[in-house]
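Undergrad: Sequence plus predicted model, see below.
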Amino acid sequence: MPELPEVETTRRGVSPYCCGEVVTELVVREPRLRWPVPEQLPLLMAGQQIETVERRAKYLLFNMAPGSLLVHLGMSGSLRVVGPGLLPGKHDHIDIRLQSGSCLRYHDPRRFGSFLWLEPGGKHPLLDHLGPEPLSGEFDGDLLYRLSRGRSGSVKSFIMDGKVVVGVGNIYANEVLFLAGIHPKRPAGRISRARYTLLADCIKQVLTSAIDQGGTTLRDFVGGDGRPGYFAQQLFVYGRNGEACKHCGGTLREIRLGQRSSVFCVTCQR
DNA sequence: CGCTGACCCTGACGGC
DNA sequence: TGCCGTCAGGGTCAGC
């Protein structure tokens, strides 16, 4: 479910409810996530005040004095604010109970997400080696051009590589390549600097637009405040195999790249 | 170092 | 109605 815009939407949705709030209790009903939830996590968090909620790549960091809770939503995870007394349902694995009576409830059918602990100022192996944020000044076409030299893999896999740039998942990789007019299978090392400049701009534009609209609603995605996202209405290629290209009217085609579906227009993308 | 494919897990969906 | 194969927004890891 979550790509960067969905994670950022979640961050913005839950922040007002938990910044400055004290955690009364962390309730772990199912610790078997992507990695086991550390047994000492409830003890570490109980009684601590959440100071800020940050996002790095697709990770959320709930910062407290003794350290940070590191949350990843995986493929099917969501974090929502629920009022007191609402009973947990199926796949509601973790509750972060707050002094206000509200509760942040983690729901994740596939359990590919994670809840981990980060020492203050400490480095975590998962956060090490991450590329720049796509919406930062560090990220631009020159960076893509430089990192791609000599690489024979597809440009789609390249922009989805978290060591190159974080936060570009399958949906937005498809969309961005369509907007930039680049064939997803084109070898990354055989794309000009000018085209990478356009591609970087498309990545920034699409992600910004998706965040503004609260992310993309697929199946039951809802932001931290429970509202759906609206970006799905303006997808050009993702999930539209066999349908007409919104630009030229041709039929969109689907191929598989690195086990992921890639939809594109043979006419508009070269 | 870069690339490919397997893998983690549940649920939805289409074909029979 | 049910069974079976396939696919799904994430990322890590082993092997070549």
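TA: Received, thanks.

Undergrad: in chain A, what residue is nearest DNA strand C?
TA: When scored by CB to the nearest atom of the strand, chain A has A:G169 as its residue closest to DNA strand C, at 1.7 Å. Quick note: C-beta positions are derived from backbone N, CA and C, even for glycine.

Undergrad: which residues does that residue contact?
TA: Each residue near A:G169 by CB atoms under 8 Å, 6 or more residues apart in numbering is listed here: A:E3, A:L4, A:K58, A:M160.

Undergrad: Swap in 6 Å and give it another go.
TA: Taking CB atoms under 6 Å, 6 or more residues apart in numbering, we find A:G169 in contact with A:E3.

Undergrad: Look up how far DNA strand B lies from it.
TA: Distance from A:G169 to DNA strand B, counting by CB to the nearest atom of the strand, to the nearest Å: 14 Å.

Undergrad: Now that residue: phi and psi?
TA: A:G169 adopts backbone torsions of phi -90, psi -170, taken as degrees, to the nearest 10.

Undergrad: same check, this time on the one 5 residues further on
TA: Per-residue torsions, A:N174: phi -60, psi -50 (degrees, to the nearest 10).

Undergrad: Am I right that A:I255 sits in a strand?
TA: Yes: when DSSP: H, G, I helix; E, B strand; the rest coil is applied, A:I255 is found to be in a strand.

Undergrad: A:G162 versus that one, what's the distance?
TA: Using CB to CB, to the nearest Å, one gets 22 Å for the distance from A:I255 to A:G162.

Undergrad: Then A:S192?
TA: Going from A:S192 to A:G162 by CB to CB gives 24 Å.

Undergrad: Mind checking which of the two has more residues around it?
TA: More crowded of A:S192 and A:G162, by other CB atoms under 10 Å: A:G162, with 14 against 10.

Undergrad: Quick one, grab the pLDDT at that one.
TA: Predicted confidence (pLDDT) for A:G162: 96.

Undergrad: Now do the SS call for it.
TA: coil.

Undergrad: try A:R34
TA: The three-state assignment at A:R34 reads coil, by three-state DSSP.

Undergrad: Quick one: residues contacting it.
TA: Residues in contact with A:R34 (CB under 6 Å, 6+ apart) are A:F112, A:S114.

Undergrad: Check A:P120 too.
TA: By CB under 6 Å, 6+ apart, the contact set of A:P120 is A:G67.

Undergrad: now check the lengthiest helix in chain A, is it near DNA strand B?
TA: Taking DSSP state H as the criterion, chain A has its longest helix at helix A:193-212. No: Helix A:193-212 stays out of contact with DNA strand B when judged by CB under 7 Å from any atom of the strand, the minimum separation being 15.0 Å.

Undergrad: what does stretch A:257-270 give?
TA: Yes: Stretch A:257-270 reaches DNA strand B (CB under 7 Å from any atom of the strand) through A:G258, A:Q259.

Undergrad: Could you confirm whether any residue of that stretch contacts DNA strand C?
TA: Yes: using CB under 7 Å from any atom of the strand, stretch A:257-270 comes into contact with DNA strand C via A:Q259, A:R260, A:S261.

Undergrad: Please identify, among those residues, the one with the most neighbours.
TA: Neighbour count (other CB under 10 Å) singles out A:R260 as the most crowded of the residues of stretch A:257-270 next to DNA strand C, with 15 neighbours.

Undergrad: Phi, psi for the closest residue to that one other than its chain neighbours please.
TA: Spatial nearest neighbour of A:R260, excluding adjacent residues (CB to CB, 6 or more residues apart in numbering): A:N170 at 5.0 Å. Dihedral pair for A:N170: phi -60, psi -40, per degrees, to the nearest 10.

Undergrad: Just confirm A:N170 contacts A:Q259, I think it does.
TA: No: using CB atoms under 6 Å, A:N170 is not in contact with A:Q259; the gap is 10.0 Å.

Undergrad: what residues does chain A put near DNA strand B?
TA: Applying CB under 7 Å from any atom of the strand, we find that chain A lies next to DNA strand B at A:32, A:34, A:76, A:90-91, A:109-112, A:150-154, A:157-158, A:188-189, A:219, A:258-259.

Undergrad: show me what contacts A:R110?
TA: Contact partners of A:R110, counting by CB under 6 Å, 6+ apart, are A:M75, A:S76.

Undergrad: With that, I have no additional questions.
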